[in-house]
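**Q** No sequence on hand, only this structure:
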């Protein structure tokens, strides 16, 4: 059974004068542990697809199945439970809470899930150390560089050990040096934690690190390429 599946996924928007087709019948299956890069030009539907796969948006038609759970038609509170247990998400704009320290930002998902505080603190600190921020745990987002903020966001995404991690242009706001560092850390954490990684990007060099590249154009999958094992993630 695939850990993540899209079946006949469509998304349309009614502007009042006409209907815009963003996704048109997308079918995808992703096995556990795979690193999938979703590519496409601006407006191809890749970020919309990621949002639907994460249960952050609702499809016009079709299904999304997350680890055996069909999320189609679930109420928001039910979706929130599935997302909390199954998915970590990394945004391009970091989405850190400015009034919380790095450690508190990472710990937050664990606290919201009602986890043990002592165990949560141990894991949050371990994750921050793994992304090279052991000396910045008590710093607030405004005191961190863009690259450091994205590393905090990575640690937070892995906090609850989600089986699936999704990232929407996670290096888009970073310079090339910090972008490469964040990608290296993302892949390293992904391999250590054994998650399935779904990454939206327009950067083919970045996508070349993936096990598989799915390319969208005009809301449809136009290419689905498996990467050679000897070059993927290297």
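**A** Thanks, I have it. Every value quoted in this text rests on a predicted model; they were computed, and no experiment measured them.

**Q** ranges for the helices of the chain?
**A** Ranges of helices in the chain, per DSSP state H, are 46-53, 76-86, 102-112, 117-130, 146-158, 176-193, 204-207.

**Q** Nearest to the spatial middle of the protein, which residue is it?
**A** When CA atoms, centre = their mean is applied to the chain, the residue found nearest the centroid is residue 166 (1.4 Å).

**Q** I'd like to know which of the helices of the chain is closest to residue 25.
**A** Smallest distance to residue 25 across the helices of the chain (CB to CB): 11.8 Å, for helix 46-53. Bear in mind the C-beta positions are built from the backbone N, C-alpha and C, glycine included.

**Q** mean confidence score for that closest one?
**A** For helix 46-53, mean pLDDT rounds to 94.

**Q** ditto for stretch 162-181
**A** 89.

**Q** returning to that earlier point: as a markdown table, the helices of the chain with distance to residue 30 and mean neighbour count would be great.
**A** Putting these into a markdown table (distance: least, CB to CB, whole Å; neighbours: other CB atoms under 10 Å) gives the following:
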| stretch | distance to residue 30 | mean neighbour count |
| --- | --- | --- |
| helix 46-53 | 9 | 23 |
| helix 76-86 | 13 | 14 |
| helix 102-112 | 22 | 20 |
| helix 117-130 | 24 | 16 |
| helix 146-158 | 17 | 24 |
| helix 176-193 | 13 | 17 |
| helix 204-207 | 15 | 16 |
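
**Q** Among these, which comes closest to residue 37?
**A** Residue 37 sits nearest to helix 204-207 of all those, at 3.8 Å, using CB to CB.

**Q** Run through who's touching that closest one.
**A** Helix 204-207 has contacts (CB atoms under 8 Å, 6 or more residues apart in numbering) with 37, 39, 171, 179, 183, 199, 201, 213.

**Q** Give the residue spans of the protein that score low on pLDDT.
**A** For the chain, the stretches flagged by pLDDT under 70 are 229-234.

**Q** From what I see, residue 142 and residue 100 are in contact.
**A** No - using CB atoms under 8 Å, residue 142 is not in contact with residue 100, being 11.4 Å away.

**Q** okay, the two: which has more neighbours?
**A** It is residue 100, of residue 142 and residue 100, that has more neighbours when counted by other CB atoms under 10 Å, with 15 against 9.
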